[in-house]
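Trainee: Structure for the following, please:
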Amino acid sequence: MPQLQALIFDVDGTLADTERDAHRVAFNRAFAEAGLDWEWSVERYRELIKVAGGKERIISYLNQDHPGFCPADDLWAWAAALHRAKKHYYCQLMQQGLIPLRPGVQRLIQEAREQGVRLAIATTSDPENVLALLEARLGSDSPTWFDVIAAGDIVPAKKPAPDIYQYALHGLGLPPEVCLAIEDSYQGLKASTQAGLRTVITFNGYTQDDDFSGAALVLNHLGEPDQPFKAITPLPQEATYFDLALAEALLRING
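Mentor: I've put the predicted structure just below:
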């Protein structure tokens with residue numbers, strides 16, 4: 001019977017609701033700085049986040065909404081420069097401390113550290129963005145809590161491809177059977193399950209209507225003792241918030 005050895009977290013939408021109020025805002029500020037009259041609304045961004053990766057998102061938007069616009073001979077280099085400006089604004093927002101962690105995230109991370117369960121991150125977000133969030137919400141030393149931070153362009157194919165999770169598993173030196181992934185979206189779920197990982201979904205306002213078939217458990221958030229989660233799929237045991245005991249139970253019934 002497998003015993004839980006590691007938790008692998010997605011970042012955006014999983015650790016914190018960064019998509020709507022941080023990434024989107026940062027993109028819009030970068031557009032304004034570049035003299036572009038683009039404004040990604042909350043609803044438009046709901047569609048755009050289906051494209052993994054910031055540079056890829058910019059190019060997808062350009063192709064869909066401004067097909068006749070040719071900003072540069074090297075489109076990828078242009079998008080990369082625009083994305084660098086966006087990262088600057090994102091880090092500013094993180095430093096302002098305006099984006100809280102989602103319910104249960106800090107508690108679960110602390111429990112894992114206390115019980116010797118290893119931690120990793122697997123995200124398409126840029127490493128700078130990941131570090132900015134961790135340091136702002138968990139403290140300057142918090143990146144060292146994670147044995148692996150797999151992020152950004154470190155692998156050739158982004159989610160829903162499984163590459164980033166395979167990279168994280170390789171870095172941990174563990175098989176997927178003893179790890180649990182925590183995600184928030186269909187793209188993330190597809191990536192993690194293709195890597196052989198049992199996956200807990202904590203959906204958010206942008207992803208609540210996604211198809212989560214194949215998830216080990218679907219919750220609205222991880223919950224707190226005084227803030228119970230809402231379970232959309234059956235629980236393997238009675239619980240009102242997600243902890244390592246519930247994680248172990250998931251491994252047992254899915255093993």
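Trainee: Could you use CA atoms for every contact and neighbour count after this?
Mentor: Fine.
Trainee: now the strands: where do they sit in the stretch 1-150 of the chain?
Mentor: 6-9, 118-123, 148-151 (DSSP state E, counting those that start in this stretch).
Trainee: so which of those comes closest to Val25?
Mentor: Within these, the stretch nearest Val25 is strand 118-123; the backing value is 19.6 Å (CA to CA).
Trainee: Tell me the gap between that closest one and the middle of its chain.
Mentor: Relative to the mean C-alpha coordinate of its chain, strand 118-123 is positioned 10 Å out (CA atoms, centre = their mean, to the nearest Å).
Trainee: what's in contact with that strand?
Mentor: Residues from elsewhere that reach strand 118-123, judged by CA atoms under 8 Å, 6 or more residues apart in numbering: 5-12, 109, 112-113, 145-152, 164-165, 168, 172.
Trainee: Now do the same contact list for the residue nearest to Pro176 when sequence neighbours are not counted.
Mentor: Of all residues not flanking Pro176 in the chain, Leu197 sits nearest, at 5.1 Å (CA to CA, 6 or more residues apart in numbering). Leu197 sits next to 176-177, 179-181 when contact means CA under 8 Å, 6+ apart.
Trainee: sorry, back to before: what's the closest of the strands of the stretch 1-150 of the chain to Cys91?
Mentor: Cys91 sits nearest to strand 148-151 of all those, at 15.7 Å, using CA to CA.
Trainee: Next, count neighbours for Asp126.
Mentor: Neighbourhood size, Asp126 [other CA atoms under 10 Å]: 18.
Trainee: what does Ala34 give?
Mentor: Neighbours of Ala34 using other CA under 10 Å come to 12.
Trainee: Same check on the one 10 residues further on?
Mentor: Neighbouring residues of Arg44 were enumerated by other CA under 10 Å; the total is 12.
Trainee: Then Pro100?
Mentor: There are 14 residues near Pro100, going by other CA under 10 Å.
Trainee: Bridged to the nearest residue to it once chain neighbours are set aside, which residues?
Mentor: Nearest non-adjacent residue to Pro100, counting by CA to CA, 6+ apart: Ala16, 6.3 Å away. Following DSSP bridges, Ala16 is listed with bridge partners Asp12, Leu101.
Trainee: follow-up on the earlier one: ok, so what distance separates the residue nearest to Pro176 from Lys190?
Mentor: 10 Å (CA to CA, to the nearest Å).
Trainee: quick one, phi/psi of Ile232?
Mentor: With angles defined as degrees, to the nearest 10, Ile232 sits at phi -90, psi -30.
Trainee: so what's it closest to, chain neighbours aside?
Mentor: Of all residues not flanking Ile232 in the chain, Val218 sits nearest, at 5.4 Å (CA to CA, 6+ apart).
Trainee: list the contacts for the one you found?
Mentor: Val218 makes contact with 200-203, 212, 231-233 under the criterion CA under 8 Å, 6+ apart.
Trainee: I'd like to know which of the residues you listed are buried.
Mentor: Among the contacts of Val218, those classed as buried by 16 or more other CA atoms under 10 Å are 200-203, 212, 231.
Trainee: And the furthest pair within these?
Mentor: It's Phe212 and Ala231 that sit farthest apart of the buried ones among the contacts of Val218, by CA to CA, at 12.8 Å.
Trainee: What helices and strands are in contact with the biggest helix by length in the chain?
Mentor: Scanning the chain for the helix with the most residues, using DSSP state H, yields helix 75-95. If you count contacts as 3 or more CA pairs under 8 Å, 6 or more residues apart in numbering; DSSP states H and E, helix 75-95 packs onto helix 24-33, helix 54-65, helix 127-138.
Trainee: These: which one's closest to Leu82?
Mentor: Closest among these, once you apply CA to CA, is helix 24-33, at 6.6 Å.
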